[in-house]
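Enquirer: Below are the sequence and a predicted model for it; my questions follow.
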There are 2 protein chains.
Amino acid sequence: MRDACSLSDEILYHVITVQKELAQLFDTEMDGLSSTRFDILSNLHHVGPLRQRELQQRVGVDHAAITRHLKQLETQGLITRERCLQDNRVIFVDLTDDGRERIAHWTEQKKCLSDRLFVNMKVEDQQQLLELLNTLQTNIQHERKTLI
Amino acid sequence: MRDACSLSDEILYHVITVQKELAQLFDTEMDGLSSTRFDILSNLHHVGPLRQRELQQRVGVDHAAITRHLKQLETQGLITRERCLQDNRVIFVDLTDDGRERIAHWTEQKKCLSDRLFVNMKVEDQQQLLELLNTLQTNIQHERKTLI
DNA sequence: AATCAATCATTGATAGGTCACACAATTCAT
DNA sequence: ATGAATTGTGTGACCTATCAATGATTGATT
């Protein structure tokens, strides 16, 4: 990605490096909570109890990853998992009281962090950035569909 | 990152998802060549033989990761590694003829792909996107520095 | 000259991701 | 009603990343 000879190359390269640095910043700032785990807890916090399957789709990682994350979060006492009585395949995931408290705090922490990253960027610039990222994302998705 | 309540949250969330989808598109399109490996070969292609250490810094991954990638690329016959005679600690990495041929082809393939991802975006929009990503990146880097 | 510090590469432990496969429960077709 | 597909979850194998510790080599200090 480095040694980009074209504008588009350079943009793609930056998307990758920005994400990488962002993830590292996130990890050090949030005392070890990974961005995926934050996502899991955040979904449960805002939406309420969720089937494992739906949680997996919302967070956007593999089934296997979700299974393992939830197992760990359960042993840490942040979430509970219960089989559904109507459909014995599905598992309902919910926050414990402790988990609810912790994710509320983490959310606050993350909000401060993300605000700090945009202090010197005008709101209209932020909006345009978001819009451009959206365009890029739909292009990527379109490309991926035509591949399959 | 999902369930963003603020503009900044939403931007960061998009950076992450765009990168993720980009990496997956890249992988499927480039017959299994990961973006890191592309980076390694691309650096060698444009810059020439490099010390392993400098290659590592350019690509921006850990020492360990570079060691393992290079080991694999060597067994695939794409690169060579030779100890430096003057300084027996360093290893010089270079492309083989086969590697040179392959990376040239991959570069072409990638160029087509990245062009396709920006067909519907005006050049001035691309420039602004790049600029905004740069701003964000320097903010992240600044934040990481103040942390340590 | 001997030792101590710095540099470069490697290795092991650990974490997170994918894919492929397995298994149980449910739903659908005929 | 029963056999076949589908769905939800769990597990194993593998890949890539990090960090920490190790080893080897060089350079610097005394």
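Expert: Cool, the structure landed. These numbers were taken from a predicted model, which means no experiment stands behind them. Residues are numbered from 1 along each chain as shown, chains lettered A, B, ... in the order given.
Enquirer: Walk me through the domains of chain A.
Expert: Following automatic domain parsing, chain A resolves into domains at A:33-117, A:121-148.
Enquirer: So for DNA strand D, which of these sits nearest?
Expert: domain A:33-117 (2.9 Å; CB to the nearest atom of the strand). (Each C-beta comes from the backbone N, C-alpha and C, glycine too.)
Enquirer: now the closest one: mean pLDDT?
Expert: Taken as a whole, domain A:33-117 has a mean pLDDT of 96.
Enquirer: so how far is the first residue of that domain from its last?
Expert: Taking CA to CA, to the nearest Å as the measure, domain A:33-117 stretches 19 Å from start to finish.
Enquirer: rewinding a little: kindly reformat the domains of chain A as a markdown table containing mean neighbour count and distance to DNA strand D.
Expert: Conversion of the domains of chain A to a markdown table gives the following (neighbours: other CB atoms under 10 Å in any protein chain shown; distance: least, CB to the nearest atom of the strand, whole Å):
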| stretch | mean neighbour count | distance to DNA strand D |
| --- | --- | --- |
| domain A:33-117 | 16 | 3 |
| domain A:121-148 | 15 | 17 |
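Enquirer: For DNA strand C, find the nearest of these.
Expert: domain A:33-117 (2.7 Å).
Enquirer: what about the closest one, near chain B?
Expert: Yes - judged by CB under 8 Å from any CB of the partner chain, domain A:33-117 and chain B are in contact via A:35, A:38-39, A:42-43, A:46-47, A:58-60, A:110-111, A:113-117.
Enquirer: cool, and stretch A:128-144?
Expert: Yes - judged by CB under 8 Å from any CB, stretch A:128-144 and chain B are in contact via A:128-130, A:132-137, A:139-141, A:143-144.
Enquirer: Please identify which pair of the residues you listed lies farthest apart.
Expert: Greatest spatial distance in these: A:Gln128 and A:Arg144, 24.7 Å, computed using CB to CB.
Enquirer: so where do the strands sit in chain A?
Expert: A:50-51, A:79-83, A:91-95 (DSSP state E).
Enquirer: Against which helices or strands is the last one packed?
Expert: In this structure, strand A:91-95 packs against helix A:35-47, strand A:50-51, helix A:52-59, strand A:79-83, with contacts taken as 3 or more CB pairs under 8 Å, 6 or more residues apart in numbering or on different chains; DSSP states H and E.
Enquirer: which residue sits closest to A:Ser126 in space, ignoring its chain neighbours?
Expert: Slight slip there: residue A:126 is Gln, not Ser. B:Leu7 (5.1 Å; CB to CB, 6 or more residues apart in numbering or on different chains).
Enquirer: What residue in chain A comes nearest to chain B?
Expert: Per CB to the nearest CB, A:Gln19 is where chain A lies closest to chain B, at 3.8 Å.
Enquirer: Which residues are in contact with that residue?
Expert: Contact criterion CB atoms under 8 Å, 6 or more residues apart in numbering or on different chains gives B:Val15, B:Ile16, B:Val18, B:Gln19 as the residues in contact with A:Gln19.
Enquirer: Not counting its neighbours along the chain, what's nearest it?
Expert: Excluding its sequence neighbours, the residue lying closest to A:Gln19 (CB to CB, 6+ apart) is B:Gln19, at 3.8 Å.
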